[in-house]
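Trainee: heads up, no residue letters with this:
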């Protein structure tokens, strides 16, 4: 039986939108399979790794989408540690008979974020680090021959500039942003199901 778990942070949980309008719920409607949202706002890849075994495995999914790292970067965690955590989760998935899929996080739109609640390394540096992390994570997914979902590019126009209307607050997507994420995920995942 096909069952998909989406493991992540607030971008997966659907912070700021009704849960039935978050991309995992919309994906369930599009693919007509069971999709379980295991996103927790504020979570880091270390937190996701810690709850992978007790939380993800309890559902016995056939597939798992793993998307995290933005909060790690926000708190200035070394990129090597972030990617090691992602890789450890993909290995646990494979060991337990699941197909891992990597989600590439969306960019940060600094002008939309409340400056009183800024990243440890500053907005500009954080934005660059997210872009660098996404590029490196994509390369890791390709090297491991894992399907990846490029949510990052959805939020950029053809000139590589951030599309502001898809952001609630500079970090989290609007309902329209979630709809775009679900459409991309459904299109890419059809080949697996």
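Mentor: Everything's here; your move. Being a predicted model, the structure only gives us computed values, none of them experimental.

Trainee: for residue 165, give me its contacts.
Mentor: Neighbour list for residue 165: 174, 176 [criterion: C-beta atoms under 8 Å, 6 or more residues apart in numbering]. No exception for glycine: its C-beta is placed from N, CA and C like everyone else's.

Trainee: just checking, what's the longest helix in this protein?
Mentor: Longest helix in the chain by number of residues (criterion: DSSP state H): helix 123-144.

Trainee: the residue lying closest to residue 45 once chain neighbours are set aside is in what secondary structure piece?
Mentor: Closest residue to residue 45 in three dimensions, ignoring its sequence neighbours and counting by C-beta to C-beta, 6 or more residues apart in numbering: residue 85, at 3.6 Å. Here residue 85, judged by DSSP states H and E, is contained in helix 79-95.

Trainee: quick one: contacts for the residue most central in space within the chain?
Mentor: With the centre of the chain defined as its mean C-alpha position, the nearest residue by C-alpha atoms, centre = their mean is residue 67, 3.0 Å away. Residues counted as contacts of residue 67 (C-beta under 8 Å, 6+ apart) are 6-9, 11-12, 102-105, 149, 151.

Trainee: among those residues, name the ones in helices.
Mentor: Judged by DSSP H, the subset of the contacts of residue 67 located in helices is 11-12, 151.

Trainee: any idea how far the nearest residue to residue 69 once chain neighbours are set aside is from residue 173?
Mentor: Taking C-beta to C-beta, 6+ apart, and ignoring the residues beside it in sequence, residue 69 has residue 82 as its nearest neighbour in space, at 4.8 Å. According to C-beta to C-beta, to the nearest Å, residue 82 and residue 173 sit 21 Å apart.

Trainee: which strands or helices does the longest helix of the chain pack on?
Mentor: Contacting helix 123-144 under the criterion 3 or more C-beta pairs under 8 Å, 6 or more residues apart in numbering; DSSP states H and E are the following elements: helix 70-74, helix 79-95, strand 99-104, strand 147-150.

Trainee: hey, which of the ones you listed is tucked in deepest?
Mentor: Among the helices and strands packed on helix 123-144, judged by mean count of other C-beta atoms under 10 Å, the one packed with the most neighbours on average is helix 70-74 (a mean of 25).

Trainee: so the residue nearest to residue 45 makes contact with residue 48?
Mentor: Yes - in terms of C-beta atoms under 8 Å, residue 85 counts as a neighbour of residue 48; the distance is 7.0 Å.

Trainee: any shared contact partners between these two?
Mentor: Shared between the contact lists of residue 85 and residue 48 (criterion: C-beta under 8 Å, 6+ apart) are residues residue 68.

Trainee: no further questions, thank you.
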